[in-house]
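Student: Just a sequence and a predicted model for now, questions to come.
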There are 2 protein chains.
Amino acid sequence: MEFQVTVLGANSAIPAHGRNQTSQLVNIGNTALLIDCGEGAQIQLRKFKLKFSKIDFIFISHLHGDHYFGLMGLISSFHLNKRKTLLTIFGPNGLDEIITVQLKHSNTRLNFPLRFVATDTAGKQLILEEKNFRVFSIPLKHRLPCTGFLVQEKPRLLNLIKEKLQQNKLPIEAINSLRRGKDVLDEEGAVRFAVKDFTHPPKVPRAYAYCSDTAFDLELIPHIQGVNLLYHEATFGTDEEERAAETLHSTAAQAAIIAKMANVGKLLLGHFSSRYIDLAPLLEEARAEFQASYLSEEGITYKIE
Amino acid sequence: MEFQVTVLGANSAIPAHGRNQTSQLVNIGNTALLIDCGEGAQIQLRKFKLKFSKIDFIFISHLHGDHYFGLMGLISSFHLNKRKTLLTIFGPNGLDEIITVQLKHSNTRLNFPLRFVATDTAGKQLILEEKNFRVFSIPLKHRLPCTGFLVQEKPRLLNLIKEKLQQNKLPIEAINSLRRGKDVLDEEGAVRFAVKDFTHPPKVPRAYAYCSDTAFDLELIPHIQGVNLLYHEATFGTDEEERAAETLHSTAAQAAIIAKMANVGKLLLGHFSSRYIDLAPLLEEARAEFQASYLSEEGITYKIE
């Protein structure tokens, strides 16, 4: 199953140095999720030739404008492009008012149903369950109510070992049971066909965690433990560690410490302050803590594996 | 005095084909005006290296999003850049609510004073008077309350003919009177120094008219009579004249007819539908009616002369 994230914008606060405000497109199976939607997100989607009619779910972390100023433009384009299918938007309370006030004043009755689901910061919460994946909100520490998002593959059916199947004639019910990871028992309750004998070892479900904006916060770790890819904000370098603490943001090194302690596969840094034209020092500071750190680059797709 | 307009976006509705939503920067003397502010206007301002800290007045024609979706981003950047000076925004009622709702939910107290002035469509109205220029709102015919804007230089002091001044010793009061265009009279009321003898012929004050969005509307003509440069929307080509009428937009040919009947200097076409990748046919249709027609090009500055 395809599972990847494409960065549309990786700058914080102000678009600068050719870098855009925060937004990411996550493709998982046939579903497209948009996480945050800074100004110009739809322009970036077009620029990188990404299909955005397939976006059915939008997740907004918090109500600082650099995370949602592109949302109304995208909704408006869906409307003008005659979208008919349900769009679900997850975000903090208040986002619904921001949307409805603007629809009211432009006298717009959307062609498609729009569902708003309020997020909150009371612990990790399951907010979306689809056939192949789940999305959880994760509480983040910031100046406004803010959540990250964890996108997790569901455990998949196990793959059968063909040769074993050919040697034994198994009834269809037994096969289904084995694929779900359940041994098949006989009438006395003893194991007749064991999962371990008939199936390949299970693939560990992949996961992607998105954490922006947030102060350096060790409480985040249990929520993102072992994810394949962690996006963690890195607004500042170590030179501005004090300012990061004041504004409830993180430094690149702090993001890397979180990545290391949570034992993630790779770390993607982003939400860079416009004071940094050259981001190499931030990357260097992160790699000193956690080698598999990378800078988010706009238009680049990162596979989750 | 500098008087020019730089196009930041010239597409309608949806940003497409590398064209952005409507926005223009007008520089007149030392003052910068922003007219409409589609999504990404601030990104365009940076891209074209235009100083936008000098923008003290923003004019929003109407509340279709492609004319204001970039406004909150710009306000937010002014705030983050520690602007202190007054920003005045002219626009239809409702825009104030759109702004305040978003400031409320982001818990933002702006660093600078923001004044909102509601426009309305009851005739041509003087909405701004500065030392060197005036701005009028002009009623347009569209699906929402919508106004265009007329930016007009004030009549300037006349230039004196140096040689004449050297031949005659004139008291300072007389010089000031002549520069203002008033003959200097003697005690009996007869002309002692005539304006026509001591000054160069007056320069006609220049004017720029911005008309987007609007149906083809002959009532517009008296308001924009004789302007040096007219921007008139040209959403469609003649092939879509019916659709233009239905949606209260204009075709390029209709814009040119207005330009011709109003006897303007030049016509700038814009607000192009994204159905047109190649805009040459629209230009051709306009030029058949009015030769001095031009396509708005993003990043290009048009002098008003």
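Tutor: Now that the structure is in, tell me what you want to look at. Numbering: from 1, shown residues only, chains lettered A, B, ... in the order given.
Student: Pick out the residue of the stretch 101-250 of chain A closest to chain B.
Tutor: residue A:105 (3.8 Å; CB to the nearest CB). For the C-beta atoms, the positions are set from N, CA and C on the backbone; glycine is no exception.
Student: Please look at that residue and residue B:62 and confirm they touch.
Tutor: No - contact criterion CB atoms under 8 Å: residue A:105 and residue B:62 do not qualify, at 9.6 Å.
Student: list the residues that contact both of those two?
Tutor: Shared contacts of residue A:105 and residue B:62, defined by CB atoms under 8 Å, 6 or more residues apart in numbering or on different chains, are found at residue B:92.
Student: Quick check: buried residues in whichever strand or helix holds residue A:259?
Tutor: According to DSSP states H and E, residue A:259 maps onto helix A:252-261. Within helix A:252-261, the residues that count as buried by 16 or more other CB atoms under 10 Å in any protein chain shown are A:252, A:253, A:254, A:255, A:256, A:257, A:258, A:259, A:260.
Student: filter these by proximity to chain B?
Tutor: By CB under 8 Å from any CB of the partner chain, no member of the buried residues of helix A:252-261 lies near chain B.
Student: Would you mind listing the residues in contact with the residue of the stretch 151-300 of chain A found nearest chain B?
Tutor: In the stretch 151-300 of chain A, no residue comes nearer to chain B than residue A:274, which is 8.8 Å away by CB to the nearest CB. Taking CB under 8 Å, 6+ apart, we find residue A:274 in contact with A:11, A:12, A:13, A:14, A:16, A:17, A:19.
Student: do residue A:235 as well
Tutor: Taking CB under 8 Å, 6+ apart as the criterion, residue A:235 is in contact with A:12, A:213, A:244, A:247, A:249, A:250, A:251, A:271, A:272, A:273.
Student: Ramachandran angles for the nearest residue to the first one once chain neighbours are set aside?
Tutor: Counting by CB to CB, 6 or more residues apart in numbering or on different chains, residue A:271 is the residue found nearest to residue A:12 once chain neighbours are left out, at 4.5 Å. In this entry, residue A:271 is assigned phi and psi values of phi 60, psi 50 (degrees, to the nearest 10).
Student: And residue A:69, by the same measure?
Tutor: phi -60, psi -20.
Student: one step back: quick check: the farthest pair among the contacts of residue A:235?
Tutor: With CB to CB as the measure, no two of the contacts of residue A:235 lie farther apart than A:247 and A:272, at 13.8 Å.
Student: which of the two has more neighbours?
Tutor: Neighbour count, other CB atoms under 10 Å in any protein chain shown: between residue A:247 and residue A:272, residue A:272 has more, with 26 against 18.
Student: Which residues are in contact with that one?
Tutor: A:10, A:11, A:12, A:19, A:234, A:235, A:279, A:282.
Student: Just the buried ones out of those, please.
Tutor: Buried members of these, counted by 16+ other CB under 10 Å: A:10, A:11, A:12, A:19, A:234, A:235, A:279, A:282.
Student: okay, these in JSON lines with pLDDT and secondary structure next?
Tutor: Putting these into JSON lines (pLDDT from 0 to 100; DSSP: H, G, I helix; E, B strand; the rest coil) gives the following:
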{"residue": "A:10", "pLDDT": "94", "secondary structure": "coil"}
{"residue": "A:11", "pLDDT": "93", "secondary structure": "strand"}
{"residue": "A:12", "pLDDT": "91", "secondary structure": "coil"}
{"residue": "A:19", "pLDDT": "93", "secondary structure": "strand"}
{"residue": "A:234", "pLDDT": "98", "secondary structure": "coil"}
{"residue": "A:235", "pLDDT": "98", "secondary structure": "coil"}
{"residue": "A:279", "pLDDT": "97", "secondary structure": "coil"}
{"residue": "A:282", "pLDDT": "98", "secondary structure": "helix"}
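Student: what about residue A:32, distance to residue A:157?
Tutor: Plainly put, residue A:32 is 24 Å away from residue A:157 if you go by CB to CB, to the nearest Å.
Student: ok so, going back, for the helix holding residue A:259, C-alpha coordinates in PDB please.
Tutor: Output of helix A:252-261 as PDB, limited to C-alpha atoms (Å, rounded to 0.1, in the frame of the first residue of the first chain):
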ATOM      1  CA  ALA A 252      16.200  21.300  15.600                       C
ATOM      2  CA  ALA A 253      18.300  19.600  18.300                       C
ATOM      3  CA  GLN A 254      15.300  19.300  20.600                       C
ATOM      4  CA  ALA A 255      13.300  17.700  17.700                       C
ATOM      5  CA  ALA A 256      16.100  15.200  17.300                       C
ATOM      6  CA  ILE A 257      16.200  14.400  21.000                       C
ATOM      7  CA  ILE A 258      12.500  13.600  20.800                       C
ATOM      8  CA  ALA A 259      13.100  11.400  17.700                       C
ATOM      9  CA  LYS A 260      15.900   9.600  19.400                       C
ATOM     10  CA  MET A 261      14.000   9.000  22.600                       C
END
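Student: In the buried residues of helix A:252-261, find the pair that's most separated.
Tutor: Counting by CB to CB, the most remote pair of these is A:252 and A:260, 12.7 Å apart.
Student: near chain B, which residues of the stretch 51-200 of chain A?
Tutor: So far as CB under 8 Å from any CB goes, the stretch 51-200 of chain A lies against chain B at A:63-66, A:69-70, A:72-73, A:76-77, A:80-81, A:92, A:94-95, A:97-98, A:101-102, A:104-107, A:143-144.
Student: out of those, which are inside strands?
Tutor: Judged by DSSP state E, these include residue A:92 as members of strands.
Student: could you check the distance from residue A:84 over to residue A:24?
Tutor: In this structure, residue A:84 lies at 25 Å from residue A:24, with CB to CB as the measure.
Student: These two - which one has more neighbours?
Tutor: Shown here are residue A:84 and residue A:24; by other CB under 10 Å, residue A:24 has more neighbours (27 against 8).
Student: Apart from its neighbours in sequence, what residue is nearest that one?
Tutor: residue A:35 (4.6 Å).
Student: does that neighbour really touch residue A:210, like I thought?
Tutor: Yes - counting by CB under 8 Å, residue A:35 touches residue A:210, with 5.2 Å between them.
Student: joint contacts of these two?
Tutor: Listed as contacting both residue A:35 and residue A:210 by CB under 8 Å, 6+ apart are A:24, A:59, A:61, A:149.
Student: The third one falls within a strand, correct?
Tutor: No - the assignment for residue A:61, made by DSSP: H, G, I helix; E, B strand; the rest coil, is coil rather than a strand.
Student: and residue A:301, how many residues sit next to it?
Tutor: If we define neighbours as other CB under 10 Å, then residue A:301 has 13 of them.
Student: Checking the residue lying closest to it once chain neighbours are set aside next. Helix, strand or coil?
Tutor: Distance criterion CB to CB, 6+ apart; nearest residue to residue A:301, sequence neighbours excluded, is residue A:6 at 4.5 Å. Three-state assignment for residue A:6 (three-state DSSP): strand.
Student: Which residues are in contact with residue A:6?
Tutor: Taking CB under 8 Å, 6+ apart as the contact definition, residue A:6 lies against A:24, A:25, A:26, A:27, A:48, A:50, A:299, A:300, A:301, A:302.
Student: now residue A:206
Tutor: By CB under 8 Å, 6+ apart, the residues touching residue A:206 are A:3, A:152, A:153, A:228, A:304, A:305.
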